[in-house]
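Chemist: Just a sequence and a predicted model for now, questions to come.
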Amino acid sequence: MSSVVHSIRKEQGSFRRATHAWRARFGELAVDAIDRHILNILRKDGRAPVSEIARAVGLSAAPCARRIERMEKAGVIRGYTAVIEDGRAGMLQAFIEIRLLGATDSDEIQGIAESIPEIEESHSIAGTSDALLRLRVRDVSHLQQVINAVRRTGKVEGTKTFIIMNTWTRTTGQAVTP
């Protein structure tokens with residue numbers, strides 16, 4: 001082997017070790033093509049049996065299960081959820097766009113969201129509004145109560161509400177009517 005090739009391989013090995021050390025220190029997991037395939041399967045069906053996933057990615061069940069467990073422990077997979085047809089369950093989803101008062105720190109958006117149990121997600125956004133909140137309520141009357149609770153925090157200058165009529169997600173590839 002030539003000294004140039006040896007030098008390049010040595011350098012690549014150092015880079016790999018440094019990258020691995022950085023990922024270990026900062027909690028980032030190296031996710032390869034097989035892991036991504038596993039994740040795509042789980043996005044579509046979180047209840048897929050390990051044996052089916054293993055077959056789809058070309059592994060036996062034990063190494064596939066170890067990969068899933070490794071990704072769960074590293075926080076790549078944070079949990080498994082059910083996709084609910086809210087309309088059939090008698091629920092309504094909406095977004096509330098909020099504009100904070102000028103003296104309110106944008107970090108306080110999370111506090112607003114945490115204080116109101118119907119709010120399921122909070123997104124800080126760029127533009128004329130400061131945040132987008134996604135919530136789930138029983139009906140329009142309940143929605144009005146939540147909007148009023150957001151306004152009463154004393155941190156919100158204005159709101160704009162959007163009732164979700166239909167949802168399509170890439171993960172399921174299906175439209176879901178709330």
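Modeler: Ah, there it is.
Chemist: so how far is stretch 122-130 from its chain's centroid?
Modeler: Counting by CA atoms, centre = their mean, to the nearest Å, stretch 122-130 is centred 17 Å from the centre of its parent chain.
Chemist: Likewise for stretch 126-141?
Modeler: Relative to the chain's own centre, stretch 126-141 is displaced by 17 Å; criterion: CA atoms, centre = their mean.
Chemist: ok, now stretch 130-146?
Modeler: Using CA atoms, centre = their mean, the offset of stretch 130-146 from its chain centre is 20 Å.
Chemist: And that stretch, end to end?
Modeler: Using CA to CA, to the nearest Å, the end-to-end distance of stretch 130-146 comes to 18 Å.
Chemist: Likewise for stretch 124-139?
Modeler: End-to-end distance for stretch 124-139: 26 Å, by CA to CA.
Chemist: repeat for stretch 70-81
Modeler: Start-to-end, stretch 70-81 (CA to CA) is 19 Å.
Chemist: ranges for the strands of the protein?
Modeler: For the chain, applying DSSP state E gives strands covering 92-100, 119-124, 131-137, 156-163, 167-168, 175-176.
Chemist: Now the ones you listed in CSV, please, with extra columns for mean pLDDT and mean neighbour count.
Modeler: Where C-beta positions appear, they are placed from N, C-alpha and C, glycine not excepted. Shown next, in CSV, are the strands of the chain (pLDDT from 0 to 100; neighbours: other CB atoms under 10 Å):
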stretch, mean pLDDT, mean neighbour count
strand 92-100, 95, 19
strand 119-124, 94, 14
strand 131-137, 95, 21
strand 156-163, 95, 14
strand 167-168, 82, 12
strand 175-176, 52, 12
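Chemist: Tell me which of the ones you listed lies nearest to Asn148.
Modeler: Nearest to Asn148, of all the strands of the chain, is strand 156-163, at 9.6 Å by CB to CB.
Chemist: tilt between that closest one and strand 131-137?
Modeler: Between strand 156-163 and strand 131-137, the angle comes out at 50 degrees (axes from the mean of the first three to the mean of the last three CA atoms, to 10 degrees).
Chemist: name the helices or strands packed onto strand 156-163?
Modeler: Packing contacts for strand 156-163, counted by 3 or more CB pairs under 8 Å, 6 or more residues apart in numbering; DSSP states H and E, involve strand 92-100, helix 140-151.
Chemist: which residues sit against the shortest one?
Modeler: With CB atoms under 8 Å, 6 or more residues apart in numbering as the test, strand 92-100 has contacts from 86, 106, 108-109, 112, 128-140, 142-143, 146-147, 150, 155-164, 167, 178.
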